[in-house]
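K.L.:
Give me coordinates for this.
(chains A, B and C)
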Amino acid sequence: MGDCHYLYGNYMTIKRMTFLQEILKFMGLDGRLHLDWISSAEAQKFVQVVTDFTEKIKSLGPSPLSGELDLTIVEKECEASVEAESVEGG
Amino acid sequence: MDYKIIPSICSYCGCGCGVLFQVFEGRLAGTLPMKTHPVNHGKLCIKGWNLHEHVISDKRLKSPMVKKDGQLQEASWDEAIETSAERLQAIIKDHGPDSVGVLVSAKITNEENYLAQKFARAVVGTNNVDHCARL
Amino acid sequence: MEEQIKEWPEPFSTTGDKTSTFDNLRDQVNAWLKEGKVDIFLGYKMVQGHPLPHCFTKENPDEADELIVGKARYSLEKMAANIAAERPEIKIGLLVRDCNQRALNVLYVWNQLNPDKVETININCCPSSLKEHGDCSYLEPQQSGSYKKQVGIDNNMDVEVAEEFSQEERFHRWMYEFEKCIKCYGCRNICPVCFCQECSLEHTDLIATGSVPPEVPIFHLVRAVHMAGRCIDCGLCEDACPVDIPLRLLYRKVNQVVSDMFDYKTGMRADQSPFNILGDEVTLEPKPI
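P.N.:
Residues are numbered from 1 along each chain as shown, chains lettered A, B, ... in the order given. So this is what the prediction gives:
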């Protein structure tokens, strides 16, 4: 922090990125946006961060934005919760 | 300073959404949905939202046009009606009545629409009549 | 305490019944127009049985007798900003509810209106027998249909409740809402604080054209991000949405993050530069991968 060539650049960036991460999380796309501070002298760190993040993206699987929207997932969860409620009630 | 809000009805489809025109010093400046209108309750589609644009558009048709020498030119109503009657007669004679189609509008009255279909069926002799509100 | 009462706008200065309250308000507008405190006054008037926004002018001040305060809630401040853009010298008076006032503050901050040229009469939105409150979705929530409740997001939901769904469910529910979009641009057109000459939503490199729904969720997220530091939670976007996308909820989350992150309460002050929201006291750290 504060090492930025543009003085306040990374102060602004981290707020903006956190803002974006929060909004994406709110609508269900968590973890696909990452910010890290890497100076031009930190080649090792750069490699590490890119490798780690690539691994993470791979483990998350294909983007849910690709392909058709399948609402049965929501419907199933709803049915499950309704059933759970009726079991509790009964 | 002259700024008016004028209630009107959207002229696009058969729904008839309520709109408000913003008129700034005699110039139509914008369209707003009417919130209390029973048809649209303050909602509009993209065509309704841009209603003012076709009123002030340079491309708006303000008089009948007849194509002469490959160019559309302004003409009198008599000339325009005569030309269309002649051409329609010629086309019906050469290619039969089903080579003509009549497209009507959701924004004219029921009676006018009735007349238009009567014209298509009785005068031209075709069932090719359609209408933008036949959704 | 005394000072506080003195600042109360005259029309609702505690005494009198409903009629005198409105007469006070009309007299005040009439007087303002006559004495030249304002050149025009934006309020509401009954036209053809509809309460519609109306511009009262100094040429015809007695028309102020027809001024009404009903449920009608239009963005008078956006009209004021449009008028000011063409005729900056004009002094504009307007009726403001709480949301209108917040929007005015944002427009002052972004130099779309000059506070010296604007006079306001406050009509608060507190439900009261004295006068009707606005047709705000907080005060008069619309019922959501059962399918929308099942697979989508109920417009009346709280941010916290919307966050309780699992990540996957949340995504599907929001995508169900976004995919209904017919790209009417109503949310942008009605928005009192949307005044950009060029809009990102019309930028063909950002948002592909030629298909409906528009590119989801980019279309809606671009707008959501641009609402940071702008949205004053008036809910007009949601009212104007033909397919009932819970935009007010989405932008409420945006406001929440802006408030937490930048300590900026949008529309609460008229003097704070939007550039202040960048601040310099940052305690955040990048999140671990």
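
K.L.:
how about the strands of chain C, start to end?
P.N.:
With DSSP state E as the criterion, chain C has strands at C:40-47, C:50-57, C:67-68, C:92-96, C:118-122.

K.L.:
so where's the chain uncertain?
P.N.:
You didn't say which chain, so I picked chain A. A:1-2, A:81-90 (pLDDT under 70).

K.L.:
not quite, I wanted chain C
P.N.:
By pLDDT under 70, the low-scoring segments of chain C are C:1-21, C:274-282.

K.L.:
hey, which of the strands of chain C is tucked in deepest?
P.N.:
strand C:92-96 (a mean of 23; mean count of other C-beta atoms under 10 Å in any protein chain shown). C-betas here are computed from N, CA, C, even on glycine.

K.L.:
Now do it: everything it contacts.
P.N.:
Strand C:92-96 is contacted by residues C:29, C:32-33, C:37-44, C:69, C:76-77, C:80, C:83-84, C:100, C:104, C:117-123 when judged by C-beta atoms under 8 Å, 6 or more residues apart in numbering or on different chains.

K.L.:
one more time with 6 Å
P.N.:
Strand C:92-96 is contacted from outside by C:32, C:38, C:40-43, C:76, C:80, C:118-123, using C-beta atoms under 6 Å, 6 or more residues apart in numbering or on different chains.

K.L.:
Stretch C:187-206 too?
P.N.:
Identification of contacts with stretch C:187-206 by C-beta under 6 Å, 6+ apart yields B:49, C:75, C:77-78, C:103, C:106, C:112, C:207, C:222, C:230, C:236-237, C:240, C:247.

K.L.:
quick one: terminal-to-terminal distance for that stretch?
P.N.:
With C-alpha to C-alpha, to the nearest Å as the measure, stretch C:187-206 spans 18 Å from end to end.

K.L.:
What residues of that stretch count as buried?
P.N.:
Neighbour counts over stretch C:187-206 (16 or more other C-beta atoms under 10 Å in any protein chain shown) mark C:C187, C:R188, C:N189, C:I190, C:C191, C:P192, C:V193, C:C194, C:F195, C:C199, C:L201 as buried.

K.L.:
Turn those into CSV, including distance to A:K56.
P.N.:
Below are the buried residues of stretch C:187-206 laid out as CSV (distance: C-beta to C-beta, whole Å):
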residue, distance to A:K56
C:C187, 34
C:R188, 35
C:N189, 40
C:I190, 40
C:C191, 37
C:P192, 41
C:V193, 37
C:C194, 36
C:F195, 40
C:C199, 34
C:L201, 31
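
K.L.:
show me the contacts for whichever residue of the stretch 101-250 of chain C sits closest to chain A.
P.N.:
Proximity of the stretch 101-250 of chain C to chain A (C-beta to the nearest C-beta) peaks at C:F171, 2.7 Å away. Contact analysis of C:F171 by C-beta under 6 Å, 6+ apart lists A:G28, A:P64.

K.L.:
Quick check: residues of the stretch 51-200 of chain C near chain A?
P.N.:
The stretch 51-200 of chain C has residues C:Q150, C:V151, C:Q167, C:E169, C:R170, C:F171, C:H172, C:R173, C:W174, C:M175, C:Y176 near chain A, with proximity defined as C-beta under 6 Å from any C-beta of the partner chain.

K.L.:
For the closest residue to the last one other than its chain neighbours, give its distance to C:I245.
P.N.:
Yep, that's C:Y176 we're talking about. The shortest distance from C:Y176 to any non-neighbouring residue, by C-beta to C-beta, 6 or more residues apart in numbering or on different chains, is to C:G152 (4.7 Å). Using C-beta to C-beta, to the nearest Å, we find C:G152 at a distance of 9 Å from C:I245.

K.L.:
do the same with B:G16
P.N.:
Relative to C:I245, B:G16 is positioned 24 Å away (C-beta to C-beta).

K.L.:
Neighbour count: the two, which is higher?
P.N.:
Each of B:G16 and C:I245 has its neighbours counted (other C-beta atoms under 10 Å in any protein chain shown); C:I245 has more, 23 against 17.

K.L.:
got a list of contacts for stretch C:140-153?
P.N.:
The contact list for stretch C:140-153 (C-beta under 6 Å, 6+ apart) reads A:L71, A:V74, A:C78, C:D154, C:N155, C:N156, C:R173, C:Y176, C:E177, C:P246.

K.L.:
swap the cut-off to 8 Å and go again
P.N.:
The contact list for stretch C:140-153 (C-beta under 8 Å, 6+ apart) reads A:71, A:74-75, A:78, C:154-156, C:162, C:172-174, C:176-177, C:244, C:246, C:249.

K.L.:
which residue is nearest the centroid of the chain?
P.N.:
All of this refers to chain A. Nearest to the geometric centre of chain A sits A:G31, at 1.8 Å (C-alpha atoms, centre = their mean).

K.L.:
that answer is for a different chain, and I need it for chain C
P.N.:
C:C234 (3.4 Å).

K.L.:
tell me the contacts of that one?
P.N.:
Counting by C-beta under 8 Å, 6+ apart, C:C234 makes contact with C:S75, C:C99, C:N100, C:R102, C:A103, C:C136, C:P192.

K.L.:
What about the residues you listed, which are in helices?
P.N.:
Residues of the contacts of C:C234 located in helices (DSSP state H): C:C99, C:N100, C:R102, C:A103.

K.L.:
The last one contacts C:S75, doesn't it?
P.N.:
In this case it means C:A103. Yes. With contacts counted by C-beta atoms under 8 Å, C:A103 reaches C:S75, the gap being 7.0 Å.

K.L.:
Compare those two (neighbour count), which wins?
P.N.:
Remark: of C:A103 and C:S75, C:A103 carries more neighbours, 31 against 22, as counted by other C-beta under 10 Å.

K.L.:
Reformat the contacts of C:C234 as a markdown table; add distance to C:S129.
P.N.:
Shown next, in a markdown table, are the contacts of C:C234 (distance: C-beta to C-beta, whole Å):
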| residue | distance to C:S129 |
| --- | --- |
| C:S75 | 27 |
| C:C99 | 22 |
| C:N100 | 22 |
| C:R102 | 25 |
| C:A103 | 27 |
| C:C136 | 18 |
| C:P192 | 28 |
